[in-house]
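Trainee: below: sequence and its predicted model.
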Amino acid sequence: MSRLKNVSSSRHRVKGRLLTVLFFLTICMIYKLRGNLGLITDKFLHQIDQNTSDGKSYFILQQVYRHGVGENYQHHQVLEVSETVAAQANMLFQMQEAQLMKGSKDEESMWSTNPRYRTNNPFSYKFRISQDDTTVPRMKNREPKYLEFLASDTGRQVTPEWEDEIIRVPNITDIDSVIGLALMSSNAYVGIPHTGDWRNVTQPWDRRETDGFGWDGEGLRGHVFYNKVDDIVVISIKGTSAQGVPGAGDDETTTNDKLNDNLLFSCCCARVSYLWNTVCDCYIKSNTCDESCLEKEIRRKDRYYQAVIDIYTDVILQYPTATVWMTGHSLGGALAALVGRTFGLPVVTFEAPGELLAAKRLHLPFPPGLPQYLDTVWHFGHTADPIFLGTCNGASSSCSIAGYAMETSCHSGQVCIYDVVKDKGWHVNMLNHRIHTVIDQILTEYNKTAECVVPEPCVDCYNWNFWPDRDHKKITTTEISSTTVQHSTSVCIGRNWLGVCTAWATVPDTNAPNETAISYATEQDIEKNTLTKHP
C-alpha cells in the first residue's frame, strides 16, 4: 500500500511540474505575440474601456454632414451613423490603413498611432471629454436670420442686446479632453462609404446630379458627436485636403479648399503678385483692395462660411436643447472659430490659420467689454508650424509654391502654444502642420496642456489700403473751375473843334464789383477730357 501511495504522489508531482511548464510556456507565447502584434493587449484593454457602456458620459459620432459649394451650393445632406454604416466604415478604414502600410513612409495613418488611442473603427470610437461651467456674455437673440441681418449694411446700425449666461465649456487643462477634441478633428478627415441612406436637408434633387460633389469632389464635411448624458454636441469641421499642405487625408476637395483658404487668409483675393490668379475681383491697384467687395465674397452662398452656417443651423434643429461646441483642424478650425464667434459657442481649434481678419470682414459680434482672457475660443498650435504662426508666405515659402496665400497671423480669442522648437529642437516645417503629428508627437508627449493666453498685439496686412467702395470717388469727386467776370466802361479819347467826341476806348470799370462764374465737372467728365487730350 505504501508503495502505491509513493507512486501516486510521484505522478502528482510530475503532473504539477508539467502544468507549471505549460503555464510558463503559455505566458512566453503571449508576450511574444504581444510584441509581434504591436501591443495588442493594451489596445484591447483600451477599447474595452472606451467602447463599453459603463454609465459614464461619452461622445460618439451620430451624423455626418456634407454640403456642396460652388455650383452645387444648394446640395446639403446628412447621414445617420447606424451600426450598419459604422461596419461599412470599418471595412473601408481597414482597407485604407492596409494601403498606407504598403505605400510611402511620408503618408500618415488616418488615425492616431498612439497605443492608448488606437482603434479599428473611428466611427464607433467613444470620446471622453471633461467639462467646466463658466459665465460669458452672449447675445439674447442668436437666430441665424437675425445674425444675418446684423451683418447687413442696415443691421450694422443696430446694437444687439447681450446677457450673461452660464454655459458648459470643455476643460482645456485636461490632457485627455484636449486629445479627444483633436481626435474628433482628425475624424472629419476619415473616409466614409459613398453608399448609405443620406437624408436631404434641402429640397430633394436628382442623385445623378451629385457626382463630383461632397465626398466625391467638392464640398464641406462636418461630423457631429453627441453626449446623451450631458446633452452636449460637438461639431467637427473638416480642414484642407491637399497632399503636403495639411497632411490630412486625400485631395478630393483640394480645389475649393484652396479657393476658400486664399479668400479667408489672404490680404486681397490672393493677389500676391501679377503672376497669381486671384480668387475674387476685389483688387484695385498696387496694395489697394475693395473692402466691401471682399466682405461680399466671403458671405457668398457658394463659399465655405455659409456652408458651415447651414450645417450648424440644421444641427441645432436636431438637438434643440443641447450645448454646442465647435472644433476643427487647419481650415476646419478657422471655420469652427468663425461659427463660434457668430453664435457665441465654445471653440477649440488645432493649427488654425489666423482668422481674426476674416471675423472682422464678416462683422461678427464680439462681446462688449469682455476681457480677452475670458474668451471661450481657444487655438492650440506649436512653434514649428508656419501656417499657424502666419509665416508661411513669401515667394520661396512652401505655401506660395503650392499656390496658397497664407498671409494672416492674428487669432481671435486665446492661443495655447507648445514651444516645440525650444523643447524638442524642431525646425519650422509645413509638414508639422499635420493633425496626427500634433496628436502623436506633441499632445500625447507633454505632461500638461499648453497655457492659453491672450495673443500679442497683431495687425494683418498693415501695408495694404482698403477702400470702402471702389466707386465712391466717381460719385463724390468733382472739379470746380471759376472765371472772374469784369465790368468795362467806354471813355472818350478824341473830340473835334466843336467838343463832340469822335473817338472812344473801352477800359475796366474799377468801381463795379467782380463776378465769378463756377462750373462743375464729374470725374467721368474729367477722365473723358483727359483721354481726349492724351490719346
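Mentor: That came through fine.
Trainee: you'd agree residue 230 is up against residue 130?
Mentor: No - using Cβ atoms under 8 Å, residue 230 is not in contact with residue 130; the gap is 10.3 Å. (C-beta placed from N, C-alpha, C; glycine too.)
Trainee: tell me, how many residues neighbour the residue nearest to residue 398 when sequence neighbours are not counted?
Mentor: Residue nearest to residue 398 in three dimensions, not counting chain neighbours: residue 430, with 4.3 Å by Cβ to Cβ, 6 or more residues apart in numbering. Number of residues near residue 430 (other Cβ atoms under 10 Å) recorded here: 22.
Trainee: and residue 361, by the same measure?
Mentor: Look at residue 361: counted by other Cβ under 10 Å, it has 19 neighbours.
Trainee: would you mind measuring from it to residue 277?
Mentor: 21 Å (Cβ to Cβ, to the nearest Å).
Trainee: which outside residues touch stretch 424-441?
Mentor: By Cβ atoms under 8 Å, 6 or more residues apart in numbering, the residues outside stretch 424-441 that reach it are 108-109, 111-114, 117, 179, 182-183, 185-186, 189, 239, 244-248, 329-330, 350-351, 380, 382-389, 391-392, 398-399, 420-421.
Trainee: restricted to helices, list those.
Mentor: Judged by DSSP state H, the contacts of stretch 424-441 include 179, 182-183, 185-186, 386-389, 398-399, 420-421 as members of helices.
Trainee: which among these gets closest to residue 293?
Mentor: Nearest to residue 293 among the ones in helices among the contacts of stretch 424-441: residue 399, at 23.8 Å, using Cβ to Cβ.
Trainee: the closest one against residue 389, yeah?
Mentor: No - the pair residue 399 / residue 389 is not scored as a contact, 11.6 Å apart, by Cβ under 8 Å.
Trainee: neighbour count: the two, which is higher?
Mentor: Shown here are residue 399 and residue 389; by other Cβ under 10 Å, residue 399 has more neighbours (22 against 18).
Trainee: is residue 118 in contact with residue 111, as I believe?
Mentor: Yes - the pair residue 118 / residue 111 is scored as a contact, 7.0 Å apart, by Cβ under 8 Å.
Trainee: who's more crowded, these two?
Mentor: A side-by-side neighbour count of residue 118 and residue 111, using other Cβ under 10 Å, places residue 111 first with 24 against 17.
Trainee: check contacts around the closest residue in space to the more buried one that isn't next to it in sequence.
Mentor: Leaving aside its chain neighbours, residue 111 sits nearest to residue 122 (5.4 Å; criterion: Cβ to Cβ, 6+ apart). By Cβ under 8 Å, 6+ apart, the residues touching residue 122 are 61, 89, 93, 110, 111, 183, 187, 190.
Trainee: could those go into TSV alongside distance to residue 416 and pLDDT?
Mentor: Below are the contacts of residue 122 laid out as TSV (distance: Cβ to Cβ, whole Å; pLDDT from 0 to 100):
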residue	distance to residue 416	pLDDT
61	25	94
89	31	79
93	30	79
110	25	68
111	23	76
183	17	95
187	21	89
190	25	80
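Trainee: greatest separation within these: which pair is it?
Mentor: The most widely separated members of the contacts of residue 122 are 89 and 183, with 15.3 Å between them, by Cβ to Cβ.
Trainee: domain parsing for the chain?
Mentor: Residue ranges for the domains of the chain, per automatic domain parsing: 2-37, 57-80+125-132+167-466, 477-533.
Trainee: just the mean pLDDT for the shortest one, thanks.
Mentor: What it means is domain 2-37. What domain 2-37 shows for mean pLDDT is 50.
Trainee: which of the contacts of residue 122 fall in strands?
Mentor: Taking DSSP state E as the definition of strands, these contribute residue 61.
Trainee: got the phi and psi for residue 438?
Mentor: phi -60, psi -40 (degrees, to the nearest 10).
Trainee: from residue 140, how far off is it?
Mentor: Relative to residue 140, residue 438 is positioned 37 Å away (Cβ to Cβ).
Trainee: neighbouring strands - and their directions - for the one helix or strand residue 66 maps to?
Mentor: Taking DSSP states H and E as the definition, residue 66 sits inside strand 59-67. Its sheet considered, strand 59-67 pairs with strand 76-80 (antiparallel), strand 126-127 (antiparallel), strand 220-227 (antiparallel) by DSSP bridges.
Trainee: can you say which of these is packed in most?
Mentor: Neighbour counts averaged per stretch over the strands paired with strand 59-67 are highest for strand 220-227, at a mean of 25; criterion: mean count of other Cβ atoms under 10 Å.
Trainee: what strands flank the next helix-or-strand element following it, and is each parallel or antiparallel?
Mentor: Next along the chain after strand 220-227, taking DSSP H and E as the criterion, comes strand 232-237. Sheet pairing for strand 232-237, assigned by DSSP bridges, gives strand 220-227 (antiparallel), strand 323-329 (parallel).
Trainee: in CSV: these, plus mean pLDDT and distance to residue 268.
Mentor: Output for the strands paired with strand 232-237, formatted as CSV (pLDDT from 0 to 100; distance: least, Cβ to Cβ, whole Å):
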stretch, mean pLDDT, distance to residue 268
strand 220-227, 94, 24
strand 323-329, 97, 25
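Trainee: the ones you listed into CSV, with extra columns for distance to residue 69?
Mentor: Formatted as CSV, these follow (distance: least, Cβ to Cβ, whole Å):
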stretch, distance to residue 69
strand 220-227, 6
strand 323-329, 16
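Trainee: so for residue 70, which of these sits nearest?
Mentor: Of all the strands paired with strand 232-237, strand 220-227 sits nearest to residue 70, with 10.9 Å by Cβ to Cβ.
Trainee: so who does the closest residue to residue 71 other than its chain neighbours touch?
Mentor: Ranked by Cβ to Cβ, 6+ apart and with sequence neighbours excluded, the top spatial neighbour of residue 71 is residue 302, at 7.4 Å. By Cβ under 8 Å, 6+ apart, the contact list for residue 302 reads 69, 70, 71, 73.
Trainee: tell me which two of these sit farthest apart.
Mentor: Distances among the contacts of residue 302 were taken as Cβ to Cβ; the most separated pair is 69 and 71, at 8.5 Å.
Trainee: shouldn't residue 379 be in contact with residue 409?
Mentor: No - using Cβ under 8 Å, residue 379 is not in contact with residue 409; the gap is 11.4 Å.
Trainee: please tell me how far residue 96 sits from residue 224.
Mentor: For residue 96, the distance to residue 224 - Cβ to Cβ - is 22 Å.
Trainee: where does the stretch 351-500 of the chain dip in pLDDT?
Mentor: Low-confidence segments of the stretch 351-500 of the chain (pLDDT under 70): 470-500.
Trainee: hey, where'd the helices end up in it?
Mentor: Along the stretch 351-500 of the chain, the segments classed as helices by DSSP state H, counting those that start in this stretch run 356-361, 386-389, 398-401, 420-423, 435-438, 472-476.
Trainee: sorry, back to before: who has more neighbours, residue 69 and residue 71?
Mentor: Taking other Cβ under 10 Å, residue 69 and residue 71 do not tie; residue 69 has more neighbours (25 against 12).
Trainee: just confirm that one contacts residue 256, I think it does.
Mentor: Yes - between residue 69 and residue 256 a contact is recorded at 5.2 Å, counting by Cβ under 8 Å.
Trainee: buried among the ones in helices among the contacts of stretch 424-441? Need that as a selection in PyMOL.
Mentor: Of the ones in helices among the contacts of stretch 424-441, the buried ones can be selected in PyMOL as follows, counting by 16 or more other Cβ atoms under 10 Å:
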select buried, resi 179+182+183+185+186+386+387+388+389+398+399+420
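Trainee: please identify the most buried of the domains of the chain.
Mentor: domain 57-80+125-132+167-466 (a mean of 20).
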